[in-house]
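Colleague: sequence? don't have it. structure:
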């Protein structure tokens with residue numbers, strides 16, 4: 001029997017890769033993980049975690065205004081962008097170290113270098129000029145933002161750069177209408193930036209329940225966020241005062257920054273996979289079967305936060321890496337092979353925050369197990385935010401139900417935190433009997 005340097009070699013130090021490596025090493029499996037940049041991946045470094053910190057920052061301004069109505073004496077309201085960015089960077093550095101330290105504490109080997117696959121059992125450590133062998137190689141390299149090929153695209157930013165701007169723009173145009181675009185619209189608006197959202201489709205948050213999309217659109221516009229649908233940029237130009245977005249409808253929008261949130265592409269180029277004949281899709285994603293194996297059979301692929309298409313039923317909800325690496329650990333490490341079938345994650349908890357919080361669990365109306373579905377809509381007034389200024393916004397709740405009355409999920413727009421939705425998921429599982437407890441998945445929280 002051939003001997004390998006490691007039982008498992010993980011390429012990519014994001015949430016999916018780190019958890020897989022840590023859990024495998026904790027079981028006594030000889031494990032190594034390589035990361036060429038910083039441990040934490042998309043979620044910790046340039047995604048979920050810094051985004052949440054920015055969301056919190058964007059909500060304090062409104063909270064300060066509300067506090068006065070509740071008897072608090074509040075001085076002049078001032079916001080310093082550089083302070084937020086510096087404190088965010090410090091917290092990200094702390095969490096990144098927790099990720100790498102966790103693997104080492106479990107007995108795994110941490111390698112700070114790019115790694116390239118040479119064959120189904122060999123990896124080249126680029127930064128150290130050596131090769132190692134592994135019985136199994138797990139690819140968890142995440143992805144990167146995609147910007148359409150239009151004139152002036154080099155003038156635009158993505159969510160990556162948005163966390164490191166030198167100063168806040170006075171006006172920003174955000175292209176896209178998925179949860180990243182919608183959340184950043186709320187963040188920038190809450191920090192005092194004029195925001196305009198451009199979307200080529202007819203309604204924001206494609207794939208979400210229509211009632212919630214309608215309600216969130218109304219709420220965002222009530223705040224002051226401009227939303228222009230059926231429109232996309234054709235070019236970006238520089239002006240004496242900033243930038244100009246030229247749209248496909250011949251409109252010209254002056255702004256200081258343009259941010260694209262138009263999807264992501266997997267980080268698979270240069271890994272050596274194509275040379276080996278590993279089958280990849282049109283956008284570079286590795287094609288896998290229901291056991292997370294590619295056509296070579298020896299390389300398994302988990303769903304890193306930027307590769308939600310592999311495991312998450314609803315690709316527009318927040319990506320969830322934990323179930324995949326947990327399955328990889330159980331199926332590959334404990335059983336010695338991928339013996340179980342891919343779990344069907346029906347009850348997935350999601351949350352999108354843009355001024356109002358959109359929470360939900362389970363499938364959308366049109367996705368619910370391909371069965372006849374009824375939508376029970378409950379609309380009512382939300383408690384007034386302040387005693388002297390009743391909120392003009394309303395709460396919208398949607399229960400997703402089968403025709404036989406079994407409740408499959410619930411979605412709502414309000415100010416509730418997403419954690420209660422996870423508890424609700426377990427209640428629904430017990431009542432509806434639509435899935436096993438292991439198939440109910442909480443949204444990714446950004447913690448190892």
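Modeller: Thanks, I have it. These figures come from a predicted structure and were not determined experimentally. Numbering: from 1, shown residues only.

Colleague: all contacts plus neighbour counts: C-alpha atoms, from now on.
Modeller: OK.

Colleague: And what about residue 42, helix, strand or coil?
Modeller: With DSSP: H, G, I helix; E, B strand; the rest coil as the basis, residue 42 sits in helix.

Colleague: That one and residue 96: what is the separation?
Modeller: In this view, residue 42 and residue 96 are 11 Å apart by CA to CA, to the nearest Å.

Colleague: Between the two, point out the one with more neighbours.
Modeller: Using other CA atoms under 10 Å as the criterion, residue 42 and residue 96 rank with residue 42 on top: 24 against 20.

Colleague: Would you agree the more buried one is in contact with residue 142?
Modeller: Yes - Residue 42 lies in contact with residue 142 (CA atoms under 8 Å); the separation is 7.0 Å.

Colleague: Just give me the neighbour total for residue 8.
Modeller: 27.

Colleague: ok, it touching residue 132?
Modeller: No - in this structure, residue 8 is not within contact of residue 132 by CA under 8 Å, at 10.9 Å.

Colleague: how about the strands in the stretch 101-250 of the chain?
Modeller: 109-111, 115-119, 122-125, 130-139, 143-145, 171-175, 194-198, 226-228, 233-238, 243-247 (DSSP state E, counting those that start in this stretch).

Colleague: Okay, angle between the last one and strand 171-175 too, please.
Modeller: What that stands for is strand 243-247. 40 degrees (axes from the mean of the first three to the mean of the last three CA atoms, to 10 degrees).

Colleague: partner strands of strand 243-247, parallel or antiparallel?
Modeller: Sheet pairing for strand 243-247, assigned by DSSP bridges, gives strand 233-238 (antiparallel), strand 252-255 (antiparallel).

Colleague: pLDDT of it, averaged?
Modeller: Strand 243-247 carries an average pLDDT of 98.

Colleague: next one: stretch 40-57
Modeller: Taken as a whole, stretch 40-57 has a mean pLDDT of 91.

Colleague: Can you give me the buried ones in it?
Modeller: 40-55, 57 (16 or more other CA atoms under 10 Å).

Colleague: quick revisit: between the strands of the stretch 101-250 of the chain, which one is closest to residue 153.
Modeller: strand 233-238 (6.6 Å; CA to CA).

Colleague: Show the contacting residues for residue 127.
Modeller: 112, 113, 114 (CA atoms under 8 Å, 6 or more residues apart in numbering).

Colleague: redo that, cut-off 7 Å
Modeller: Going by CA atoms under 7 Å, 6 or more residues apart in numbering, residue 127 touches 113, 114.

Colleague: gap between it and residue 112?
Modeller: 8 Å.

Colleague: picking that back up, please convert the strands paired with strand 243-247 to TSV, extending it with mean neighbour count and mean pLDDT.
Modeller: Listed next are the strands paired with strand 243-247 as TSV, based on neighbours: other CA atoms under 10 Å; pLDDT from 0 to 100:
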stretch	mean neighbour count	mean pLDDT
strand 233-238	18	97
strand 252-255	18	97
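
Colleague: In what element of secondary structure is residue 87 found?
Modeller: Following DSSP states H and E, one finds residue 87 within helix 81-105.

Colleague: Can you mark which positions in that helix are buried?
Modeller: 85, 88, 91-93, 95-96, 98-104.

Colleague: Stretch 245-262 now?
Modeller: Those would be 245, 246, 247, 254, 255, 256, 257, 258, 259, 260, 261, 262, for stretch 245-262 by 16+ other CA under 10 Å.
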